[in-house]
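>>> Pasting the sequence and the predicted coordinates here, then a few questions.
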Amino acid sequence: MSSNVLTMVQIAKPSIKDVFRGFLEVESKRLAPKTLQKYEIVIGLLTDHLNNNGSEPLSTAEKAFFEKYYNAEGEAHRDYCDIFGPEKIFHTLGSFFGYYMIRKVFAGEELKRASGTVVKKLSKYLAENGLITPETATEGIEEGAVAVSVLPLAEKASRILGDYVDDRGLCPNDFEDHENYMEFDHFTISKLAPGQIWFELYDEGKLKEFGPISVPKSATKILQEGWDISCGFGRSKGQWNMIEIANVYPN
């Protein structure tokens with residue numbers, strides 16, 4: 001990568017870190033301390049997500065520029081949020097809501113709902129201050145709105161399924177042969193009925209339907225076709241059962 005190309009990419013002013021600080025300062029003047037604390041937590045989580053995953057969609061030149069500062073030692077080191085500007089917040093929101101907040105963050109329904117609210121407010125703040133385009137703000141607001149409604153539902157469904165699996169007391173060690181055990185993986189819901197789930201399954205290169213798997217009706221009221229569940233199955237007395245579960249991923 002030539003130095004001429006690298007000079008085309010500059011450390012942003014303001015940086016993502018700067019605008020996050022400004023956003024929280026503005027919000028601190030209108031929010032109650034308890035609500036402000038949630039905003040601070042969400043911004044901290046979004047910062048962590050961007051610092052660890054934000055560079056993935058960057059162009060070749062941007063990645064080279066990022067790595068130059070990220071790999072520097074001492075005071076020369078910079079994280080993603082120190083280097084790039086607010087327009088680089090939004091290209092990983094999908095993974096922030098759809099992966100990071102579900103798999104990496106131990107949080108209940110309330111904080112997951114708050115994550116969507118904060119991103120909506122942040123999008124409006126940045127647009128009102130001319131820091132992102134109206135189109136980018138609209139995308140952020142829409143993704144935040146979906147997260148407000150969907151993330152708490154996914155968390156609730158995950159909790160219902162987890163309690164159900166725990167109550168049944170089955171585990172992988174109860175199923176010694178592969179014929180009666182389907183290893184833990186991500187499975188996509190293909191069909192739902194009250195108290196029953198069917199999943200998409202690839203068998204010998206062909207897409208097939210696997211199920212029905214019996215679960216509480218309260219879970220199937222929440223779940224939606226196309227959502228993923230990370231889980232494993234065991235067959236007992238000819239019936240496949242969900243025997244382990246980690247997360248529900250809305251799509």
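Alright, I've got the coordinates.

>>> rest of the way, CA atoms for contacts and neighbours
OK.

>>> How about residue 194, nearest residue that isn't a chain neighbour?
In space, and not counting its chain neighbours, residue 194 is closest to residue 217: 5.2 Å by CA to CA, 6 or more residues apart in numbering.

>>> Show me which positions of the biggest helix by length in the chain end up buried.
Using DSSP state H to assign secondary structure, the helix with the most residues in the chain is helix 134-168. Along helix 134-168, these residues count as buried under the neighbour rule (16 or more other CA atoms under 10 Å): 136-137, 139-145, 147-148, 150-162, 164-165.

>>> what's the neighbour count on the residue nearest to residue 194?
14 (other CA atoms under 10 Å).

>>> Could you double-check that it sits in contact with residue 195?
Yes. Here residue 217 reaches residue 195: they are 4.0 Å apart, a contact under CA atoms under 8 Å.

>>> Show me which helix or strand of the chain is least confident by mean pLDDT.
Averaged element by element with mean pLDDT, DSSP states H and E, the chain has its least confident helix or strand at helix 3-6 (a mean of 46).

>>> Give the next helix or strand downstream of that helix.
Moving toward the C-terminus from helix 3-6, the next helix or strand (DSSP states H and E) is helix 16-28.

>>> how distant is that next one from the center of its chain?
On the basis of CA atoms, centre = their mean, to the nearest Å, the separation between the geometric centre of helix 16-28 and that of its chain is 22 Å.

>>> My read is that residue 151 contacts residue 250, right?
Yes. Taking CA under 8 Å as the contact criterion, residue 151 and residue 250 are neighbours in contact, 7.3 Å apart.

>>> Do you have the helices of the chain handy? List them.
3-6, 16-28, 33-53, 60-70, 80-83, 93-95, 109-128, 134-168, 217-220.
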